[in-house]
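[1] Curious how this folds, go ahead:
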Amino acid sequence: MDIQALKDKFLSICKEKIKREGINELIDWLEKSDFFIAPASTRFHGSYAGGLVFHSLNVYECLLRMAKKYPELNISEETIAICSLFHDLCKANYYKVGTRNVKDEETGQWYKKEVYEVDERFPIGHGEKSCIIIQWFLKELSVDELLAIRHHMGGFDAAVKGGDFSMSKAYEMCPLAAMLHLADMEATYLLEAEKGNEVK
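    Now for the predicted structure:
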């Protein structure tokens, strides 16, 4: 995987599609974080260096394609870029490299394997955290953009598991929210089906 090429593509989309005040400051923050080398998860999709930016670009392509199927919704390319590229900003500065003991099936010997682990420093929720970080820099997120980013996890969201019904209301009010969730699922389960948690 060419992480530099993924980073260049990500930044090119940001600079071409997003004209909001604060975008340059957000890009500076991304550059100082581990966003471009971070995994997308510890052991599921994108659990390798560069997995997060790869996933974000996949979600962008999926959401862009979906929005073209529903032109009557008038979802701007700027909104598509903001929601898809930044929906998982919560995962920047979120992982660390650790180890776990693994048994070699051929030799029967145990060895330490490097894996990604969660190192949460701002425990405020998944979608909520992404919304907050974006708003440190972009001051004019629309209600639809906030609803989409906040609820992109769908049934995997901890609030939903706890019995919160706001997600279904958000999907009723905001087609973009449902579409971002579907784009995230398509990217995760169809485009990024590789499993494992090795640090590569």
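[2] helices and strands of this protein: which one bottoms out on pLDDT?
    helix 158-161 (a mean of 75; mean pLDDT, DSSP states H and E).
[3] from the chain's centre, how far out does the helix or strand that comes right after it sit?
    Counting by DSSP states H and E, the element after helix 158-161 in chain order, helix or strand, is helix 166-173. Centre-to-centre, helix 166-173 and its host chain are 20 Å apart (Cα atoms, centre = their mean, to the nearest Å).
[4] which strands and helices sit next to helix 166-173?
    helix 143-150, helix 158-161, helix 175-186 (3 or more Cβ pairs under 8 Å, 6 or more residues apart in numbering; DSSP states H and E). From N, CA and C alone the C-beta is placed, and that goes for glycine too.
[5] where's the least confident helix or strand of the chain relative to the chain centroid, distance-wise?
    How far helix 158-161 lies from its chain's middle: 18 Å, per Cα atoms, centre = their mean.
[6] buried stuff in whichever strand or helix holds Q4?
    Assessed by DSSP H and E, Q4 sits inside helix 3-17. Across helix 3-17, burial judged by 16 or more other Cβ atoms under 10 Å covers 6-7, 10-11, 13-14, 17.
[7] Residues contacting that helix, please?
    Identification of contacts with helix 3-17 by Cβ atoms under 8 Å, 6 or more residues apart in numbering yields 23, 27, 36-37, 49-50, 53-54, 56-57, 60, 77-78, 80-81, 85.
[8] got the contact list for the helix or strand following that helix?
    Where DSSP H and E defines the elements, the next helix or strand beyond helix 3-17 is helix 23-32. Here helix 23-32 makes contact (Cβ under 8 Å, 6+ apart) with 11, 14-15, 36, 86, 92, 133-134, 136-138.
[9] Between those residues, which sits nearest D119?
    Nearest to D119 among the contacts of helix 23-32 is A92, at 11.6 Å by Cβ to Cβ.
[10] how deep is the closest one tucked in, by neighbour count?
    Other residues near A92 come to 20 when the count uses other Cβ atoms under 10 Å.
[11] Kindly report the same for L52.
    For L52, the neighbour count with other Cβ under 10 Å is 26.
[12] Could you tell me how far it is located from E120?
    Per Cβ to Cβ, to the nearest Å, L52 is found 15 Å from E120.
[13] go on, W110?
    To E120, W110 is 28 Å away according to Cβ to Cβ.
[14] now I18
    Distance, I18 to E120, by Cβ to Cβ: 28 Å.
[15] and these two? which has more neighbours close in?
    Shown here are I18 and E120; by other Cβ under 10 Å, I18 has more neighbours (21 against 11).
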